[in-house]
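> Dropping a prediction and its sequence here:
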Amino acid sequence: MIKIGIAGTRGLSTLMGLKAIEDVEIAAMCDLDEKHLEESAEKIGGNIKKFRVFDDMLETDIDAVIIATPMQCHVPQAIAALEAGKHVMSEVTAGVTMDELWWLCESVEKYGKIYMYGENYIYDARVQQIKNMVAAGLFGETYYAEGMYLHNIGDLFVYPGGKTSWRSYWQCGIRGNFYPTHSIGPVMQWFPGDRITEISTFSPGIRNSLGLKQDSGTTTMCRTAKGNLLNIRVDCTSPRPHNMSFYHLQGTGGAFFSKAHDEDIDRVSFVSDENPAHNMKWQKLEEYEKYIPERYRNATDEQKKAGHNGGDFFIVEDFINAVRTGTQPELDVYKACQWTAAGLLSGLSVTNGGKTMAVPDFRKGVPNEEKIIKL
């Protein structure tokens, strides 16, 4: 039996996934807000232990923690959990400073426990489908992709009781792309074995009337080690309908273009004798259903209820399997830090006219002389 502790009521997004897996028990939960803690414990059910203090929860016999607290708490709590001998799955982003990212890598290496990045957008069935189509060679050589996270969060800067939310500081109280991983993570699935080496970020400035420092949209251009280009756009203050998962992929043999709104469709086009490069036509992505991973096509109703058509179940399943086997997952600490670093460095870039910033090579055993920000 694997015993899980959940930190933060946001962690309830994993509830259905955890309950759908055998030999897993949600044994404890921690939250500073006592009212939310009581309500969340009631949703979980059973004899769950409740804590206001995170360190107190770590002293129990849980095996792993799911960290779903405000982003400035992620690294301190992850390090505390690793030091206490617990495995960790952390919500995005991995941390809020570059130094924190190095501390996190060092702690995972030191204590040898599982660390998994909770980037659930990667587990979207459509993202996984395109990944399989890339592997099958349908797109030829992929070289360009776009990812956009357009989500007005103007109603989240103040808590219902009137207290200022952490989002007013750690998200929209700073310049640059504060939340890149829902875009970077999925598109990097389509460039296997590659990593981001440098970024440049641009914005139209601060046009919101909220009194916050966050840009009214940022565009971050990411160059990879293999010379590929990613265009990552994030906008959380402009007035517009939400579109939190828009993607575009271009290869030498074809292209993918996701739907722009609920009434739209996902589409692909591939070069062929019937579809020549100079006069290509779109097809519905759904015509390539066979490339959806088998576990998504065979997902049970219970698994699908976990959210994102089963995606929220499969990310939890992969974490639990990693804990059981003692094998670091695909979404390990190094990918978590690389994708987070692209956003952290974007603040320096955008405030310096789009200056190109080198992204460190997060890998096991990086020497201290490489743990720097290169200007």
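Arrived safely, thanks for sending.
> could you point out where this protein is predicted with low confidence?
The chain contains residues with pLDDT under 70 at 309.
> top helix in it by residue count?
helix 333-350 (DSSP state H).
> Show me what whichever helix or strand comes after it pairs with in its sheet, parallel or antiparallel.
Later in the chain than helix 333-350, the nearest helix or strand by DSSP states H and E is strand 357-358. Sheet partners assigned to strand 357-358 using DSSP bridges are listed as strand 196-202 (antiparallel).
> Just the C-alpha atoms of the partner strand, please, in PDB.
Extracted in PDB, the C-alpha atoms of strand 196-202 (Å, rounded to 0.1, in the frame of the first residue of the first chain):
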ATOM      1  CA  ILE A 196      16.000  24.600 -24.900                       C
ATOM      2  CA  THR A 197      19.300  26.400 -24.900                       C
ATOM      3  CA  GLU A 198      18.300  30.100 -25.200                       C
ATOM      4  CA  ILE A 199      15.300  32.400 -25.000                       C
ATOM      5  CA  SER A 200      14.300  35.900 -26.000                       C
ATOM      6  CA  THR A 201      11.100  37.500 -24.700                       C
ATOM      7  CA  PHE A 202       9.100  40.400 -26.000                       C
END
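> Tell me the helix or strand right after it.
strand 218-224.
> quick one: strands adjacent to that next one?
strand 196-202 (antiparallel), strand 229-235 (antiparallel).
> what would those look like in a markdown table with mean neighbour count and distance to residue 150?
No exception for glycine: its C-beta is placed from N, CA and C like everyone else's. A markdown table is the format used below for the strands paired with strand 218-224 (neighbours: other CB atoms under 10 Å; distance: least, CB to CB, whole Å):
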| stretch | mean neighbour count | distance to residue 150 |
| --- | --- | --- |
| strand 196-202 | 22 | 16 |
| strand 229-235 | 21 | 5 |
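> Make CSV from those strands and add distance to residue 214 to it.
As requested, the strands paired with strand 218-224 are exported to CSV (distance: least, CB to CB, whole Å):
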stretch, distance to residue 214
strand 196-202, 13
strand 229-235, 9
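> Ok, which of those strands comes nearest residue 350?
Smallest distance to residue 350 across the strands paired with strand 218-224 (CB to CB): 4.3 Å, for strand 196-202.
> tell me how far the ends of stretch 262-274 are from each other?
End-to-end distance of stretch 262-274 (CA to CA, to the nearest Å): 30 Å.
> got it, and stretch 9-26?
13 Å.
> Please apply the same query to stretch 203-211.
End-to-end distance (CA to CA), stretch 203-211: 17 Å.
> Then stretch 111-121?
Distance across stretch 111-121, first residue to last, is 28 Å (CA to CA).
> ok, and for that stretch, which residues are buried?
Using 16 or more other CB atoms under 10 Å as the test for burial, stretch 111-121 gives 111, 113, 114, 115, 116, 117, 118, 119, 120, 121.
> Looking at these, which are in strands?
Using DSSP state E, the subset of those located in strands is 115, 116, 117.
> quick one: the last one and residue 15, what's the gap?
Distance, residue 117 to residue 15, by CB to CB, to the nearest Å: 19 Å.
> can you count the residues close to residue 139?
Close neighbours of residue 139, defined as other CB atoms under 10 Å, add up to 24.
> so what's it up against?
By CB atoms under 8 Å, 6 or more residues apart in numbering, the residues touching residue 139 are 133, 190, 249, 250, 251, 252, 253, 254, 255, 256, 270.
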